[in-house]
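What follows is a predicted protein model with its sequence.
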Amino acid sequence: LQLSDAAITVREPGEIKLNAYRTIKVSPRINAQIIKRHAKLGDEVNEGQSLVTLSSVEMAEAQGQLLLADKEWKRVKKLGRKVVSARRFLTAKIEYEKSYASAKAYGMNQKEINLLLAQKRSADGSFHLVAKQAGRILHDKFIVGEYVEAGYELMVIADESTMWVEARVTPKVAGQIEIGSIAEIKTDKIRLTAKVIQLHHSLDETTRTSAVRLEVDNKDDRLHAGMFVSTLISTSNQSKALQLPEAAVLRSSDGDWQIFVEQDEVGEFKAVEVEVKQFSDGSAIIEGIQPGTRIVTQGAFFVQSELAKGGFEIHNH
């Protein structure tokens, strides 16, 4: 075992979070009553898909104003500038544009406005809220018939194909991490590659730590917001260290880390306690033995089992 250049990584707990840049909240812009639900919690929806039908007195008034303004504007345009005064022409145009913008701002989509102006639907105050992006509905806190105020959060839609992981590190360590650095997240059953995408520039007032945000691919839908994971984040530091395969380091019956060193006699091995400084990319960086020591790098678990039974015949290391 010889000294080699080893990238220093840090191991910190992390929490899976939704990718906020791929998450939207669905809420009405005016006070309204919920008339019908078109999607429910857990559904995968497409962009533009109808989510809920609402009804509002304010919307009915806006729709009525738009119909009147549209009718006047069409009449004025048909008569032309030679017949109507410039003032009437400009007023009709402005009133139409203002009424159109109001209906849209209140929540009518383009398709609904087109149907209204074509008189294929009435100005009854109803309108639909549609999905502004594709994703899964993670929240829908309402019941049909309920009256909600403007801004009330009806649904949350998230694209979970990529997720964020937030880990917290000391300011000193944060200074050694760079945007784009490779990282890894682990649970008992999951091991995925991630990368650093953001470094927070303010410290938590309680823990005095800085947040590091990782991004991880989640197309297999194995990660969900709120899960806790272990993160291993590469830093810009490198040092000479004793590095060996992670499988060569095992826990002893006392819970300490140990490796197996070859004795002078071929086929004889001895368990030696070491200190593991870190695990990274399938390797372990250790302290506690001298460079040049011959150790078991393959089959360490078998060696440990045989030693526990009192001896064996083996010559691979």
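Received the coordinates, thanks.

The closest residue to Asn31 other than its chain neighbours and Ala60: what is the separation?
Distance criterion Cβ to Cβ, 6 or more residues apart in numbering; nearest residue to Asn31, sequence neighbours excluded, is Glu149 at 5.2 Å. (Each C-beta comes from the backbone N, C-alpha and C, glycine too.) Glu149 sits 17 Å away from Ala60, going by Cβ to Cβ, to the nearest Å.

Those two: who's more crowded?
Neighbour comparison, Glu149 and Ala60: the larger count goes to Ala60, with 16 against 10 (by other Cβ atoms under 10 Å).

mind listing what that one touches?
Counting by Cβ atoms under 8 Å, 6 or more residues apart in numbering, Ala60 makes contact with 123-125.

most neighbours, which of those?
Scoring these on neighbours with other Cβ under 10 Å, the highest-scoring entry is Gly125 at 20 neighbours.

Could you pull up phi and psi at that one?
Main-chain dihedrals, Gly125, degrees, to the nearest 10: phi 90, psi 0.

ok, now which ones touch it?
Going by Cβ under 8 Å, 6+ apart, the list of residues near Gly125 reads 55-61, 63.

coming back round to it: and the contacts of Ala60 as CSV, adding distance to Val216?
Formatted as CSV, these follow (distance: Cβ to Cβ, whole Å):
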residue, distance to Val216
Ala123, 49
Asp124, 47
Gly125, 45
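
Narrow the contacts of Gly125 to those in helices?
57-61, 63 (DSSP state H).

From the opening residue of stretch 171-187 to its closing one, how far?
In stretch 171-187, first residue to last residue: 26 Å (Cα to Cα, to the nearest Å).

quick one: buried residues of it?
Of the residues in stretch 171-187, those with enough neighbours to count as buried (16 or more other Cβ atoms under 10 Å) are 173-174, 176-177, 181-185.

which helices and strands does the stretch of helix or strand Ile24 belongs to pack with?
When secondary structure is defined by DSSP states H and E, Ile24 falls within strand 23-26. Counting contacts by 3 or more Cβ pairs under 8 Å, 6 or more residues apart in numbering; DSSP states H and E, strand 23-26 packs against strand 155-158.

contacting residues around the helix or strand that comes right after the strand it packs on?
Using DSSP H and E, the next helix or strand after strand 155-158 towards the C-terminus is strand 162-169. Contacts of strand 162-169 from elsewhere in the structure, counted by Cβ under 8 Å, 6+ apart, are 10, 12-20, 22, 177, 183, 185, 194, 197, 204, 207, 209-218, 223, 225, 229, 231, 233.

Could you pull up phi and psi at Gln49?
Per degrees, to the nearest 10, the backbone of Gln49 is at phi -70, psi 140.

If we ignore the residues flanking it in sequence, what's nearest it?
If the residues on either side of it in the chain are set aside, Gln49 comes closest to Ala131, at 4.8 Å by Cβ to Cβ, 6+ apart.

ok, now which ones touch Tyr100?
66, 69-70, 113.

Doesn't it lie inside a helix?
Yes. Tyr100: assigned to a helix according to DSSP: H, G, I helix; E, B strand; the rest coil.

What residues sit buried inside the strand holding Ile24?
In strand 23-26, counting by 16+ other Cβ under 10 Å, buried: 23, 26.

What strands flank it, and is each parallel or antiparallel?
Taking DSSP bridges as the criterion, strand 23-26 forms sheet pairs with strand 155-158 (antiparallel).

most neighbours, which of the contacts of Tyr100?
Counting by other Cβ under 10 Å, top hit in the contacts of Tyr100: Leu66 with 24 neighbours.

For it, what are phi and psi?
phi -70, psi -40.

And for the closest residue to Ile190 other than its chain neighbours, the neighbour number?
Closest residue to Ile190 apart from its sequence neighbours, by Cβ to Cβ, 6+ apart: Arg222 at 5.6 Å. Arg222 has 14 neighbours, counted by other Cβ under 10 Å.

residue boundaries of the helices in the stretch 101-250 of the chain?
Remark: helices assigned in the stretch 101-250 of the chain by DSSP state H, counting those that start in this stretch are 110-117, 171-174.

any idea which of these scores lowest on pLDDT?
Comparing mean pLDDT across the helices of the stretch 101-250 of the chain, the lowest value falls on helix 171-174: a mean of 85.

how far is it from where the chain is centred?
Offset of helix 171-174 from its chain centre (Cα atoms, centre = their mean, to the nearest Å): 23 Å.

now swap in stretch 189-206 and tell me
The chain centroid and the centroid of stretch 189-206 are separated by 11 Å under Cα atoms, centre = their mean.
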